[in-house]
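Asks: Whatever this is, show me its structure:
(one chain, ligands or ions: 1)
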Amino acid sequence: MAHDYAYNGRLSRWEEVSPGLAIVGVEALDAPFAFDPGQYATLGLVGASGKLVQRPMSISSPADDTSEYEFFIRLVEGGAFTTLLWERKVGDPINIKGPKGKFLLQDDGRTCVFVASGTGLAPFMSMIETARGRGVSRDVVLLHGVSHEHDLAWRAHLEAFEASGPFPLRYIGTVSRPQHSPGWAGRTGRVESITAPVLDELGLHAANATIYLCGNPDMISAVDDLATERGFSPEQVRRELYWPKGRQHR
Ligand SMILES: Cc1cc2nc3c(=O)[nH]c(=O)nc-3n(C[C@H](O)[C@H](O)[C@H](O)COP(=O)(O)OP(=O)(O)OC[C@H]3O[C@@H](n4cnc5c(N)ncnc54)[C@H](O)[C@@H]3O)c2cc1C
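Replies: From the prediction side, this is the model:
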């Protein structure tokens, strides 16, 4: 269908992590925009009605390379934007605008406790890869919760980085449906259920850590409550909410 929207980007990469979960590259055709790790872009596609459907997506790639913006996206069943995206192929046009957002690393010298559910890993990848590229050392504990083992995107990369990287990264994946991942020998349960034990095991508390939460609303409110109980101040709990509480996954 003809439309008035000038597409200013193109889909440059599509890596399927598991069914309905993909790492997606977008190239800006105009001058690329600079961004800080943790920020998001707005992606837009024209739907059947001719209307531009736009959604915010955290950028997962490092801030010092804007030749391609990378995203980690879940197909939401019946979702207006993601169903359109899944119909596209590499080379197709797309709208991209940015950057936006205040979910940024704090320069506070504390251990960063990154807690991600699902695609909430995206901004943390950008933060880790940007620090790595700049040779900046940060103490990072990264907790990533998914339903199935195969949804643990970047797992091999993160494990290799943990083993040999230039700064201390502790990477902990957890799988909430282990009955569907028979080979999984790691932690089980939702990421919010492993956060307290991990903080205790690693000696992390309000005096030495800042908690960063990204993903679904139930995870964010559960870990927020935990952090408040443990004396973390509001500034020490940073949040990026992907959708409002009460709206269920369709
Ligand atoms: C700042 C910000 C950054 C975001 N970054 C990402 C990202 O990096 N990757 C990503 O996949 N999404 C991200 N989202 C969510 C994204 O903007 C869309 O809401 C999502 O892709 C669904 O859009 P849709 O049009 O397909 O579904 P809609 O028709 O808008 O339906 C939305 C409903 O789908 C559910 N939903 C939304 N996102 C998810 C999800 N990831 N998993 C399961 N259910 C969901 C919620 O119930 C929501 O109410 C982000 C949201 C915000 C606010």
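Asks: CA only for contacts and neighbour counts going forward, please
Replies: Fine.
Asks: For the residue nearest the centre of the chain, give me phi and psi.
Replies: Nearest to the geometric centre of the chain sits Ala122, at 2.2 Å (CA atoms, centre = their mean). Ala122 adopts backbone torsions of phi -50, psi -50, taken as degrees, to the nearest 10.
Asks: so it makes contact with Ser60?
Replies: Yes - counting by CA atoms under 8 Å, Ala122 does reach Ser60; the two are 4.4 Å apart.
Asks: Overlap in contacts, those two.
Replies: Residues touching both Ala122 and Ser60 (CA atoms under 8 Å, 6 or more residues apart in numbering) are 71-72.
Asks: Gly145: which element?
Replies: strand 140-146 (DSSP states H and E).
Asks: average pLDDT across the next helix or strand after that strand?
Replies: Next along the chain after strand 140-146, taking DSSP H and E as the criterion, comes helix 155-164. Here helix 155-164 scores 96 as its mean pLDDT.
Asks: Now do the buried residues in the very next helix or strand once past helix 155-164.
Replies: Where DSSP H and E defines the elements, the next helix or strand beyond helix 155-164 is strand 169-175. Neighbour-count burial for strand 169-175, counted by 16 or more other CA atoms under 10 Å, picks out 169-175.
Asks: could those be laid out in JSON lines, adding distance to Gly189 and pLDDT?
Replies: Shown next, in JSON lines, are the buried residues of strand 169-175 (distance: CA to CA, whole Å; pLDDT from 0 to 100):
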{"residue": "Leu169", "distance to Gly189": "21", "pLDDT": "96"}
{"residue": "Arg170", "distance to Gly189": "18", "pLDDT": "97"}
{"residue": "Tyr171", "distance to Gly189": "16", "pLDDT": "98"}
{"residue": "Ile172", "distance to Gly189": "12", "pLDDT": "98"}
{"residue": "Gly173", "distance to Gly189": "10", "pLDDT": "98"}
{"residue": "Thr174", "distance to Gly189": "6", "pLDDT": "98"}
{"residue": "Val175", "distance to Gly189": "6", "pLDDT": "98"}
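Asks: in the lengthiest strand in the chain, what's buried?
Replies: As assigned by DSSP state E, the longest strand anywhere in the chain is strand 9-18. In terms of neighbour count (16+ other CA under 10 Å), strand 9-18 has its buried residues at 9-14, 17.
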